[in-house]
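Colleague: Here is a sequence with its predicted model. Questions after.
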Amino acid sequence: SRQWISGEAHAAKIIFIAIKLNGVQRGLISEIISQFQCKGFKLVVIKIVVPSKDFPKKHYHDLKERPFFNGLCDFLSSGPIVAMVWEGEGVIKYGRKLIRATDPKKSKPGTIRGYLAIVLIILFPCKNIIHGSDRPETAKDEINLWFKPRELVSYSSNAEKWIYGVN
Ligand code: UDP
Ligand code: MG
């Protein structure tokens with residue numbers, strides 16, 4: 001079957017973003033969506049899920065040796081998460097800058113973690129409210145992990161000509 005991610009050029013333009021449950025519980029969904037939407041990125045896929053017990057272990061498989069791994073995974077399967085795919089030129093690079101440092105204390109005002117979170121407590125993880133893929137390969141893996149093919153939609157946005165300046 002046809003892959004939703006249509007090639008390397010497309011993979012470079014999409015990012016998987018998750019609003020972790022503390023962001024959801026604190027009522028920050030619309031604020032975080034606004035940050036990406038106002039920039040001009042396109043929201044292509046969105047859903048709210050409570051991940052199963054083992055699911056976060058797949059998502060964070062590269063961190064399994066870290067001391068906070070189990071606590072992080074337990075936390076992420078304990079409540080609702082907003083899973084999204086955003087699309088646009090430079091969305092991974094810009095998205096990571098917008099999210100900023102893993103530790104909100106090191107994140108500048110104006111970044112999502114700098115603006116909306118205060119601490120990251122080692123071994124009691126995850127007060128940094130958001131996840132974003134760090135490169136095209138991880139974006140692709142994460143999108144395929146979080147979404148079934150039939151959940152992945154495509155549409156063209158009428159705003160694009162006003163954002164990218166193509167007449
Ligand atoms: N994390 C933690 N303690 C740490 C480092 C990371 O609890 O010392 C958690 C935190 O929620 C972070 C996630 O593990 O967002 C993934 O870590 P990563 O290094 O990939 O940071 P990110 O890409 O989210 O900035
Ligand atoms: Mg990471």
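Modeller: Thanks, I have the structure now. Numbers count the residues shown, from 1 in each chain. Ligands and ions are numbered 1, 2, ... in the order given.

Colleague: alpha carbons only for contacts and neighbour counts from here, please
Modeller: Fine.

Colleague: So which other helices or strands are in contact with the worst-scoring helix or strand of the chain on mean pLDDT?
Modeller: Across the helices and strands of the chain, mean confidence by mean pLDDT, DSSP states H and E is lowest for helix 8-11: a mean of 88. Packing partners of helix 8-11 (3 or more C-alpha pairs under 8 Å, 6 or more residues apart in numbering; DSSP states H and E): helix 136-146.

Colleague: Can you show me the helices along this structure?
Modeller: In the chain, the helices defined using DSSP state H lie at 8-11, 21-25, 29-39, 55-59, 69-76, 91-99, 112-116, 136-146, 160-164.

Colleague: mind putting those helices in JSON lines, mean neighbour count and distance to residue 85 included?
Modeller: Below are the helices of the chain laid out as JSON lines (neighbours: other C-alpha atoms under 10 Å; distance: least, C-alpha to C-alpha, whole Å):
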{"stretch": "helix 8-11", "mean neighbour count": "14", "distance to residue 85": "11"}
{"stretch": "helix 21-25", "mean neighbour count": "20", "distance to residue 85": "17"}
{"stretch": "helix 29-39", "mean neighbour count": "14", "distance to residue 85": "11"}
{"stretch": "helix 55-59", "mean neighbour count": "17", "distance to residue 85": "15"}
{"stretch": "helix 69-76", "mean neighbour count": "20", "distance to residue 85": "18"}
{"stretch": "helix 91-99", "mean neighbour count": "20", "distance to residue 85": "10"}
{"stretch": "helix 112-116", "mean neighbour count": "21", "distance to residue 85": "17"}
{"stretch": "helix 136-146", "mean neighbour count": "18", "distance to residue 85": "7"}
{"stretch": "helix 160-164", "mean neighbour count": "12", "distance to residue 85": "17"}
